[in-house]
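>>> Sequence and predicted structure below; questions after.
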Amino acid sequence: MEPHPLSEPIIYLDNAATVYPKPPEILDAALDLYKRFGVNPGRSGYDLCLMGGDLIRTTREELTRLFGGTDPERLCFAYNASDALNILIQGMVDPGDHVVATTVEHNSVIRPLNHLRRDGLITVDYVPTASDGRVDPRDIAKQIRPETKLVVVNHGSNVIGTIQPLEEIGRICREREVRFVVDTAQTAGVVPIDAHKMNIDALAFTGHKSLLAPTGIGGVYVAEGVEVKHTRFGGTGVSSAHPYHLDEYPYRLEIGTPNVLGILGLHEAQRYIAERGMGKIYRHEMELFSTLQAGLVEIDGVTLHGTTSLDDRLPVLSLTVENWDPVDVGVLLDGDHNIACRTGLQCAPLIHDQMGTSPRGTVRLSVGPLNTASDVQAAIHGVQDIAAARRATQVPAR
């Protein structure tokens, strides 16, 4: 069945979920490589297989440099950041351990931790943010105790856009000899990350957001000297006679046939980002976001949640409209204004609990690299129309 055609191009402001559309030159180049080398890499010694393996190895090297790592073999591919975080969290704790996380975490962190806690394997503390959505590193330090094994922090919030002070948190973890794991789902590809400088022991990334790759590809980078236990077992394409899954990286954390097309997308996206400059992409997004936020702040009945500061910030905001359910606002933005956004709790319930926006959540608008000034103006006008419509139907107080 053919997909239902859109009557007009959509104004897409849900880039925190996935960047859309992807730059066509990335997809075209990745598909061309896949047509030429899309065999099962590492499984045989014929030329196509070897060349496909070389492209994957090159992508590991590119991403290792991007993250400030040292050993490309410790860059391991996974499905996405959720998959990667499960690999790290479950592979880095033991029964009796204590873990510290924050209230800005995504369910990709909250749920693995809560399952382990429910099963009586670990204990967990979630450190709240300050009123601006940032975590004070000193508050994390206060939660560290002798049995603390792991600190897990979301680098950039997918709800309110705040970027956490990783270097300070990492320094505390290193001083206290606690492993530091970072969720870079929202920041990889648009905000500089230096695992060595930030004392990051392991990080999780996804390809389909600011790394501009297709969906279904992500991974982990594990610093030298840090070990992650096996949690999954299967084929690796090498040492097939060995009865157990291999200990060496990257095979240690990878199983089965990789997402070759996704990896090639990451490879081509690295070229795209390098040619344009990560800083330039970020500035473009934040200039549009600044206009968006400034316009929304002026609308009567609209509340922006979290900070309105543009410092240490991603182009993501959450809003509510007085007397409107966020879901209804999203429906109207889509149906009447052709604007795609995200409503609800955005898979991050703890920060909504803290902000007082549970259980209905917020309307989230997030700017991406291909958005334009007209997209932003359309969003401002759309929210303005919705807020004005509700005010116009209200009965005046007697």
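Great, that's in hand. Numbering: from 1, shown residues only.

>>> the helices in the stretch 251-398 of the chain, which residues?
Remark: helices assigned in the stretch 251-398 of the chain by DSSP state H, counting those that start in this stretch are 260-276, 278-297, 326-337, 349-355, 373-393.

>>> would you turn those into JSON lines with mean neighbour count and mean pLDDT?
All C-beta spots, glycine's among them, are computed from the backbone N, C-alpha and C. Output for the helices of the stretch 251-398 of the chain, formatted as JSON lines (neighbours: other Cβ atoms under 10 Å; pLDDT from 0 to 100):
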{"stretch": "helix 260-276", "mean neighbour count": "21", "mean pLDDT": "96"}
{"stretch": "helix 278-297", "mean neighbour count": "17", "mean pLDDT": "98"}
{"stretch": "helix 326-337", "mean neighbour count": "17", "mean pLDDT": "97"}
{"stretch": "helix 349-355", "mean neighbour count": "21", "mean pLDDT": "97"}
{"stretch": "helix 373-393", "mean neighbour count": "17", "mean pLDDT": "91"}
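
>>> per-residue pLDDT, residue 144?
What the model reports for residue 144 is a pLDDT of 98.

>>> likewise the one 3 residues further on?
With respect to pLDDT, residue 147 has a value of 98.

>>> So the closest residue to it other than its chain neighbours: helix, strand or coil?
Spatial nearest neighbour of residue 147, excluding adjacent residues (Cβ to Cβ, 6 or more residues apart in numbering): residue 98 at 4.6 Å. Following DSSP: H, G, I helix; E, B strand; the rest coil, we place residue 98 in the strand state.

>>> secondary structure element for the residue lying closest to residue 269 once chain neighbours are set aside?
Using Cβ to Cβ, 6+ apart and skipping residues adjacent in sequence, the residue nearest residue 269 is residue 212, 4.1 Å away. For residue 212, there is no host helix or strand (DSSP states H and E).

>>> Relative to residue 92, how far out is residue 350?
As judged by Cβ to Cβ, to the nearest Å, residue 350 and residue 92 stand 21 Å apart.

>>> Now do the helices in the stretch 101-250 of the chain.
In the stretch 101-250 of the chain, the helices defined using DSSP H, counting those that start in this stretch lie at 107-118, 137-143, 166-175.

>>> Quickly find the element holding residue 85.
Residue-wise, residue 85 maps onto helix 81-92 under DSSP H and E.

>>> Tell me how the chain divides into domains.
Listed domain ranges for the chain are 11-22+277-393, 24-275 (source: automatic domain parsing).

>>> that older thread, got the helices of the stretch 251-398 of the chain as CSV, with distance to residue 115 columns?
Listed next are the helices of the stretch 251-398 of the chain as CSV, based on distance: least, Cβ to Cβ, whole Å:
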stretch, distance to residue 115
helix 260-276, 27
helix 278-297, 35
helix 326-337, 28
helix 349-355, 15
helix 373-393, 37
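
>>> Enumerate every residue touching the residue positioned nearest the centre of the chain.
In the chain, the centroid-proximal residue (Cα atoms, centre = their mean) is residue 185; its distance is 1.7 Å. Counting by Cβ atoms under 8 Å, 6 or more residues apart in numbering, residue 185 touches 81, 106, 108, 154, 156, 158, 204, 205, 206, 209, 218.

>>> Not counting residues beside it along the chain, what's closest to the third one?
Counting by Cβ to Cβ, 6+ apart, the nearest residue to residue 108 once its immediate chain neighbours are dropped is residue 82, at 4.0 Å.

>>> returning to that earlier point: just put the helices of the stretch 101-250 of the chain in JSON lines and tack on mean neighbour count and distance to residue 234.
JSON lines is the format used below for the helices of the stretch 101-250 of the chain (neighbours: other Cβ atoms under 10 Å; distance: least, Cβ to Cβ, whole Å):
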{"stretch": "helix 107-118", "mean neighbour count": "18", "distance to residue 234": "20"}
{"stretch": "helix 137-143", "mean neighbour count": "17", "distance to residue 234": "36"}
{"stretch": "helix 166-175", "mean neighbour count": "19", "distance to residue 234": "32"}
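
>>> related to what we said a few turns ago, top of the contacts of residue 185 by number of neighbours, please.
The most crowded member of those, judged by other Cβ atoms under 10 Å, is residue 205 (32 neighbours).

>>> ok, that residue touching residue 213?
No: applying Cβ atoms under 8 Å, one finds residue 205 not in contact with residue 213, separated by 10.2 Å.

>>> Quickly note the distance from the residue nearest to residue 110 when sequence neighbours are not counted to residue 283.
Leaving out its chain neighbours, the residue that sits closest to residue 110 by Cβ to Cβ, 6+ apart is residue 350, at 6.6 Å. The spacing between residue 350 and residue 283, counted by Cβ to Cβ, is 31 Å.
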